[in-house]
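> could you look at this predicted model? Sequence included:
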Amino acid sequence: MTELPIRPDTPWLAPLAGWSDLSFRLLCREQGAAVCCTEMVSAKGLVYGGRSTESLLATTPEAGETLEDGSCVCDRPLVVQIFGAEAAFMAQAVERLRRRGFCWFDVNMGCSVPKVTKTGAGAAMLRDMDNALRVAEAVLQAAGPGRVGFKLRLGWDGEHEVHRELSSRLAGLGAGWVTLHPRHAVQGFSGTPRSLALAELAALLPVPVIASGDLFTAADGVRVLRETGVAAVMYARGALRDPSIFARHRALLAVGELPDRAELPPRETPLAAQDACDVLDELPVDRVRLAGIIRRHAFLARRYAPREALFKMRTVVPRYVKGGDGARVLRQELVACRSWMDVDAVLEKHFGDHCHE
Ligand SMILES: Cc1cc2nc3c(=O)[nH]c(=O)nc-3n(C[C@H](O)[C@H](O)[C@H](O)COP(=O)(O)O)c2cc1C
């Protein structure tokens, strides 16, 4: 069985509902993401064959493909994240996915959005360990041991932490890895992730632990690797802000061992109770690199999702251009674009020569 890269030097792209579609995954892979996760996919939607579910599973052929501009793209290794609270549906979903050639899976036990938790799925699974284990067993049987990861939070709230017991039992059942976002479900994204919990879990489990949570820069990722001993890190909002976070992560590690604390820039704090993306507003991004990333994302989006691509660009690109001179104007102009010609004109105006590299 081929193995998934789960190492300090193989950063992952997190599952990001509404964002980690095929074009964004390919962009992140080109920037150095070693493994990408799909957006979360409903097991029931998959079994009943919903059209929106289908679009979440869009990918390249396994061997990759050559695009019109001569570049080669390949959306592998790919982890399909599924959610659902019913073991039978979850197992059926995996069987269907396997028949279609998907071979790595992740079970969402961390999403705290009410639309998901009210069905008993996502982080609500942390409130019913027996059912969580039933689901895990069914999924592992359908996928094969080592083929499934589980993405959890610490527990539903501070009174009910289950991550240690649940993840130990998941490992005992044959989980391939566990991803921990060390906050409680009720916290959403507020407060500070408890990195000590990552260290404890990494020491406790016989399978690799992947860290998620407030990794907004490559330095944050490297810091958590060094401070907690986790096997790998997963970038989420940090990648939405700047997909080159993966290349930066690899570059930091390539300079040698994990650098000492003193060599790393200070963390952007405090992050409590606010969308951390706001904090990132302060960080300027190199214009040449930014122009290249925007053009490439637009190209990939037009190629793989022509109907939604324009809308995507109007929502995705403003995330890249937080901070720096003229960012507010650029954002406003992009959001007002009605056609690709409009987008091209705005990019040309703001980035000039850098648009066509
Ligand atoms: C817009 C958005 C969509 C997300 N979608 C998913 C999802 O589909 N599945 C999942 O397990 N986590 C999802 N997450 C959680 C992230 O994968 C990640 O665990 C979380 O954002 C913490 O990492 P960060 O603080 O570095 O962003 C989402 C987060 C955001 C911000």
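Here it is on my side, so go on.
> what's the local residue count around the nearest residue to Arg289 once chain neighbours are set aside?
Once flanking residues are discounted, Arg289 sits nearest to Ser244: 6.1 Å by Cβ to Cβ, 6 or more residues apart in numbering. In this view, the C-beta of every residue, glycine as well, is placed from N, C-alpha and C. Using other Cβ atoms under 10 Å, Ser244 is surrounded by 23 other residues.
> and for Ala236?
23.
> what bits of this structure have low per-residue confidence?
Within the chain, the segments meeting pLDDT under 70 span 1, 256-286, 322-325, 353-357.
> point out the residues in it that sit beside the ligand.
Taking Cβ under 6 Å from any ligand atom as the criterion, the chain approaches the ligand at residues 14-19, 39-40, 81, 108, 110-111, 151, 181, 212-215, 236-238.
> Leu310 is in contact with Met341, isn't it?
No. Between Leu310 and Met341 there is no contact under Cβ atoms under 8 Å: 10.6 Å.
> comparing the two, which residue is more hemmed in?
More neighbours surround Leu310 than the other of Leu310 and Met341, with 18 against 9 (other Cβ under 10 Å).
> helices and strands around whichever strand or helix holds Ala197, which ones?
Ala197 belongs to helix 195-204 when assigned by DSSP states H and E. In this structure, helix 195-204 packs against helix 163-173, strand 177-184, strand 209-211, helix 218-228, with contacts taken as 3 or more Cβ pairs under 8 Å, 6 or more residues apart in numbering; DSSP states H and E.
> adding mean neighbour count, write the ones you listed out as CSV.
Compiled in CSV, the helices and strands packed on helix 195-204 are given as follows (neighbours: other Cβ atoms under 10 Å):
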stretch, mean neighbour count
helix 163-173, 18
strand 177-184, 26
strand 209-211, 26
helix 218-228, 21
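> in CSV: those, plus distance to Lys118.
Shown next, in CSV, are the helices and strands packed on helix 195-204 (distance: least, Cβ to Cβ, whole Å):
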stretch, distance to Lys118
helix 163-173, 21
strand 177-184, 18
strand 209-211, 27
helix 218-228, 32
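> tell me how the protein divides into domains.
12-274, 287-356 (automatic domain parsing).
> for those domains, which one ends up most surrounded?
Of all the domains of the chain, domain 12-274 has the most neighbours on average by mean count of other Cβ atoms under 10 Å, namely a mean of 19.
> can you map out the helices along the stretch 201-350 of the chain?
218-228, 237-241, 245-254, 276-280, 287-304, 306-320, 327-335, 340-351 (DSSP state H, counting those that start in this stretch).
> C-alpha coordinates for the fifth one, CSV please?
So that's helix 287-304. Provided in CSV are the C-alpha atoms of helix 287-304 (Å, rounded to 0.1, in the frame of the first residue of the first chain):
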residue,chain,number,x,y,z
ARG,A,287,3.1,42.1,-5.4
VAL,A,288,5.0,40.1,-8.0
ARG,A,289,4.2,36.8,-6.2
LEU,A,290,0.6,38.0,-5.6
ALA,A,291,0.1,38.8,-9.2
GLY,A,292,1.4,35.4,-10.2
ILE,A,293,-0.9,33.6,-7.8
ILE,A,294,-4.0,35.5,-8.8
ARG,A,295,-3.3,34.9,-12.5
ARG,A,296,-2.7,31.2,-11.9
HIS,A,297,-5.8,30.8,-9.7
ALA,A,298,-7.9,32.6,-12.4
PHE,A,299,-6.5,30.3,-15.1
LEU,A,300,-7.2,27.1,-13.1
ALA,A,301,-10.7,28.3,-12.0
ARG,A,302,-11.6,29.1,-15.6
ARG,A,303,-10.4,25.8,-16.8
TYR,A,304,-12.1,23.6,-14.1
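> same list, the helices of the stretch 201-350 of the chain, but as JSON lines with distance to Val73 please.
Listed next are the helices of the stretch 201-350 of the chain as JSON lines, based on distance: least, Cβ to Cβ, whole Å:
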{"stretch": "helix 218-228", "distance to Val73": "23"}
{"stretch": "helix 237-241", "distance to Val73": "17"}
{"stretch": "helix 245-254", "distance to Val73": "15"}
{"stretch": "helix 276-280", "distance to Val73": "27"}
{"stretch": "helix 287-304", "distance to Val73": "8"}
{"stretch": "helix 306-320", "distance to Val73": "16"}
{"stretch": "helix 327-335", "distance to Val73": "24"}
{"stretch": "helix 340-351", "distance to Val73": "20"}
